[in-house]
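Student: Could you work out the structure for the sequence below:
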Amino acid sequence: MSDDLLVAARAVLSRAHAPHSGFRVGAAVRRASGSIYEGRNVEAVSDPERSDPERSWAETGANAAMAAAGEVETAKVAVIATAPRPVPPSGGGRPRIAEFAGHYVRVTMATTDGPTLTTTMAKPLPSAVDASLMQA
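Tutor: Here you go, the predicted structure:
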C-alpha cells in the first residue's frame, strides 16, 4: 500500500476499538488541499440491559475530524477493514461521505491483507456490508 491515504487508514485501524465484533475499520479522507483526516470505528455497550453495542463508524469519525478543522470538501476516501475482501463504507458512513464529496470522488476499499477495490461516489458502491465479514 504505497498510497498515503491508505497508509493513514491502516495506521488508525490499529486504534479501532471493536471488542464486541472484532471487526476493526479505519478510514481516511483527503481534502483538496492535501490535508488528511482519519477515523476509526468504536464499539461500547452503553446499556447493560442491551447485548448489542453502540457503534461509531470510521467514516463518520474521519468526516467529523475534517469538519472540526473547518474543511468541507472531500477529494478522496480510503476505508480499510479486518475482512477477507474489500468492504464498502458502512451504511452509516456513506451519507456522511456523500455530504462532503462530489460524484467523482474516488473511494478506495482495502483489506489488511492487501486486496483493494476503487470506485467513485457516482457509481454504486458494492452492496451492503456482508454480515459474515464482521464475525470475530
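
Student: for this structure, what spans make up the strands?
Tutor: All strands of the chain, identified by DSSP state E, fall at 25-31, 36-40, 42-44, 54-56, 74-81, 101-111, 116-120.

Student: which ones are touching the nearest residue to R106 once chain neighbours are set aside?
Tutor: Of all residues not flanking R106 in the chain, K76 sits nearest, at 5.0 Å (C-beta to C-beta, 6 or more residues apart in numbering). (C-beta placed from N, C-alpha, C; glycine too.) For K76, the contacting residues are L5, V29, R30, V105, R106, V107, T108, by C-beta atoms under 8 Å, 6 or more residues apart in numbering.

Student: May I have the beta-bridge partners of the last one?
Tutor: Think T108. Listed beta-bridge partners, T108: A78, T118 (assigned using DSSP bridges).

Student: what number of residues lie near it?
Tutor: Burial of T108 is recorded as 20 neighbouring residues (other C-beta atoms under 10 Å).

Student: For V87, which of the strands of the chain is the nearest?
Tutor: Within the strands of the chain, the stretch nearest V87 is strand 74-81; the backing value is 4.4 Å (C-beta to C-beta).

Student: Output the closest one as CSV, restricted to C-alpha atoms.
Tutor: The C-alpha coordinates for strand 74-81 follow below in CSV (Å, rounded to 0.1, in the frame of the first residue of the first chain):
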residue,chain,number,x,y,z
THR,A,74,-13.6,15.7,0.4
ALA,A,75,-11.2,14.9,-2.5
LYS,A,76,-10.7,11.1,-1.9
VAL,A,77,-11.7,8.4,0.6
ALA,A,78,-10.0,5.2,1.9
VAL,A,79,-11.5,2.5,4.0
ILE,A,80,-9.6,-0.5,5.3
ALA,A,81,-11.1,-3.3,7.4
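
Student: tilt between it and strand 36-40?
Tutor: Angle of strand 74-81 versus strand 36-40, following axes from the mean of the first three to the mean of the last three C-alpha atoms, to 10 degrees, is 30 degrees.
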